[in-house]
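Enquirer: sequence first, then the predicted structure, then my questions.
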Amino acid sequence: MKAKCNLKNFGRYFLHDLKEALSKSWPITLTMAMYPVLNFLIYAYIGYLQQDPYWLIDTYSISWIYEGIAILYFLFVPITCYGRYTEKTEGAGFILLPSSHTTRFASMAVISVIILPVIFIVIFMTADYMIFLAAPERFANETPLLNKISADLKFFTFDRKLHAMTVNFGFMSGLFIPFMVSSAGLCGAWLYRKGNKHAKTFLTCALSFITLMAILILIAEKTGSARWFIPENVGIMAISWVIFQIFCAICCLGYVYLRTKKIEF
Amino acid sequence: MITIKDLGFSYGERNVLKNINMTLEEGRIYGLLGENGVGKTTLLTLLCGLKKPQEGSVDADGHTPFKRETELLSSQYYLSDDVATVNMKAIDYAADYGRFWEGFSMEKFVSAMKDLETDPQLKMNKMSYGQLKKTYISFALACNAKFLYMDEPTNGLDIPSKAQFRKAVTKYTREDSIIVISTHQVRDLENIIDPIIILDRQDVLLNATIEEISKKLHFDYTNNRRPDSLYSEMIPGGSIQVSLNTDEQDSKVNIEALFNTVHLHKELIKGIFSK
């Protein structure tokens, strides 16, 4: 009976929270998810200026820009939805709304880390594919996103040296990035009390990433980088990277859980 | 009932509240008065659980507010001095948020909005500050909360709205509620608050009902100069003088004059009312 009541309370709170989150995030979601359209228009405009009727979209380079945009979205959207709750006026309403802390936290985590990234990915991929369908002659063979996904998420690859199909652990490397990055974004939303939280969170993550890369390069150099690229170690590296992503996401969400429980206004 | 025991709170080195002890009873509208910066807002935020007491404790019907348990949260409402603008109609806001409070009544919200002359169909981000404040006041009253904390609710309200506010508070609150209203504009709450709590730096100077105050202090509205008056002030049409009520005469308490008297004779007043 109590579990049923808790589930009902969670459902009521979750729907309320989701409605609020969608109303706050739709401008950033639409703007960033429709980037493929903007990118197409930029290419078309440059083609027009250069009087080149055969202009083509550089699928490979653009796929990296798309990845950057997606990562920025995952990082920024939790701040857009929950960043104002560290201010007294908004925060008092959030903290004192009759609901348990666990409910508040679980709802916030599910929305920031799963629902909004999934909505973004669906719109982003749809926009990308619609542009491809509208003007396939402007793409070399596939859309930038499909190019990126087919490279990253290929489960089996043909190893020319071994002359056999091998498992590509790289397919897992991107799998948890949305969850890790949006957890970091949610962490930034609660970590910084005032100021431009988007910029502060971005800088913190960028610095952390650079530091981590520097440490990894140092380790690879010390131990001899060649040994990391034999097939057995590539698998271990991919799994370690996935564990690292999950660990980071858990740490960020753990911080948010404690912070929202203890925050004072 | 709310019990406050040895409550202390400071911001860094600056002590705001120290050894505060008091009991707040059901069915009363407490007026929390004090100059700017004496800790009125801090006390309210400690009562509703937005802050954690650094010393002592607060107990509201067996609950510790800072634990923020759903049961207590659904029986209290805190109206902040600064209110948030929301991109939705007032009526939609009430429907969306009101369902979290068990006692929330939409009829009461609409009726309070009507009494406060604010259109519930207006979008809250298009409202003036006064209209927005009245919307939140209506919402607070419609929650039927047992514990209602209002921080400077009359700030931003025009003169007719202040009168409407006083009427709405007496009309829409539960008989067993504990309402604490903080203000430094004492005239705004004349006739509705009883008892009166006057805070000073780290201390409670007075916590007494209007009846107790009128038993111990006499408010003289005549023009006869009283040599024993503790405080006197010219008011339109005469003067007001406050003195000790040694003859047990009845008089109407003037909160502003009381406030000034208490501030002029802190120790004397504390001594009289602690007996």
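Expert: Noted; the coordinates are in hand.
Enquirer: contacting residues around B:His265?
Expert: B:His265 sits next to B:230-231 when contact means Cβ atoms under 8 Å, 6 or more residues apart in numbering or on different chains. (C-beta placed from N, C-alpha, C; glycine too.)
Enquirer: ugh, wrong one, B:Phe147
Expert: B:2, B:47-48, B:60, B:72, B:75-77, B:177-178.
Enquirer: also A:Thr86?
Expert: Counted by Cβ under 8 Å, 6+ apart, A:Thr86 has contacts A:189-190, A:192-194, A:263.
Enquirer: recalculate using a threshold of 6 Å.
Expert: By Cβ atoms under 6 Å, 6 or more residues apart in numbering or on different chains, the contact set of A:Thr86 is A:Arg193.
Enquirer: could you pull out the strands in the chain for me?
Expert: I went with chain A, as the question did not name one. Along chain A, counting by DSSP state E, strands occupy A:156-159, A:164-167.
Enquirer: I was after chain B.
Expert: Counting by DSSP E, one finds strands in chain B at the ranges B:2-11, B:14-24, B:28-33, B:55-60, B:76-79, B:147-151, B:178-183, B:196-200, B:203-208, B:217-220, B:231-235, B:238-244.
Enquirer: residues making contact with the longest one?
Expert: The list of residues contacting strand B:14-24 from outside it, by Cβ under 6 Å, 6+ apart, reads B:2-4, B:6-10, B:39, B:42, B:178, B:202, B:204, B:207.
Enquirer: so which residues on the stretch 51-200 of chain B come close to chain A?
Expert: B:51, B:70, B:73-74, B:78, B:80, B:82, B:84, B:100 (Cβ under 6 Å from any Cβ of the partner chain).
Enquirer: now B:Gly56: how far from A:Cys81?
Expert: For B:Gly56, the distance to A:Cys81 equals 37 Å [Cβ to Cβ, to the nearest Å].
Enquirer: and A:Ser25, by the same measure?
Expert: To A:Cys81, A:Ser25 is 5 Å away according to Cβ to Cβ.
Enquirer: per-residue pLDDT, the residue lying closest to B:Lys134 once chain neighbours are set aside?
Expert: Closest residue to B:Lys134 apart from its sequence neighbours, by Cβ to Cβ, 6 or more residues apart in numbering or on different chains: B:Leu116 at 4.2 Å. At B:Leu116, the model reports a pLDDT of 96.
Enquirer: ends of stretch B:81-93, what's the gap?
Expert: 19 Å (Cα to Cα, to the nearest Å).
Enquirer: any buried residues in it, and which?
Expert: B:81, B:83-84, B:86, B:88-91, B:93 (16 or more other Cβ atoms under 10 Å in any protein chain shown).
Enquirer: how about the residues of the stretch 1-150 of chain A by chain B?
Expert: Contact residues, the stretch 1-150 of chain A versus chain B (Cβ under 6 Å from any Cβ): A:89-90, A:92, A:96-98, A:100.
Enquirer: what about residue 205, neighbour count?
Expert: Chain wasn't specified; assuming chain A. A:Cys205: 18 surrounding residues under other Cβ atoms under 10 Å in any protein chain shown.
Enquirer: not what I meant, chain B
Expert: Look at B:Leu205: counted by other Cβ under 10 Å, it has 21 neighbours.
Enquirer: mind listing what the residue nearest to B:Ile196 when sequence neighbours are not counted touches?
Expert: Using Cβ to Cβ, 6+ apart and skipping residues adjacent in sequence, the residue nearest B:Ile196 is B:Gly31, 4.8 Å away. Contact partners of B:Gly31, counting by Cβ under 6 Å, 6+ apart, are B:181, B:189, B:193, B:196.
Enquirer: what's the separation between the closest residue to chain A within the stretch 101-250 of chain B and A:Gly91?
Expert: Residue nearest to chain A within the stretch 101-250 of chain B (Cβ to the nearest Cβ): B:Trp101, separated by 6.1 Å. Between B:Trp101 and A:Gly91 the computed distance is 19 Å (Cβ to Cβ).
Enquirer: then B:Tyr231?
Expert: From B:Tyr231 to A:Gly91 the distance is 41 Å (Cβ to Cβ).
Enquirer: so where's the stretch 1-150 of chain A shaky on pLDDT?
Expert: Within the stretch 1-150 of chain A, the segments meeting pLDDT under 70 span A:1-5, A:146-150.
Enquirer: residue in it with the shortest distance to chain B?
Expert: In the stretch 1-150 of chain A, the residue that lies nearest chain B is A:Pro98 (3.7 Å; Cβ to the nearest Cβ).
Enquirer: need phi/psi at that residue.
Expert: phi -60, psi 100 (degrees, to the nearest 10).
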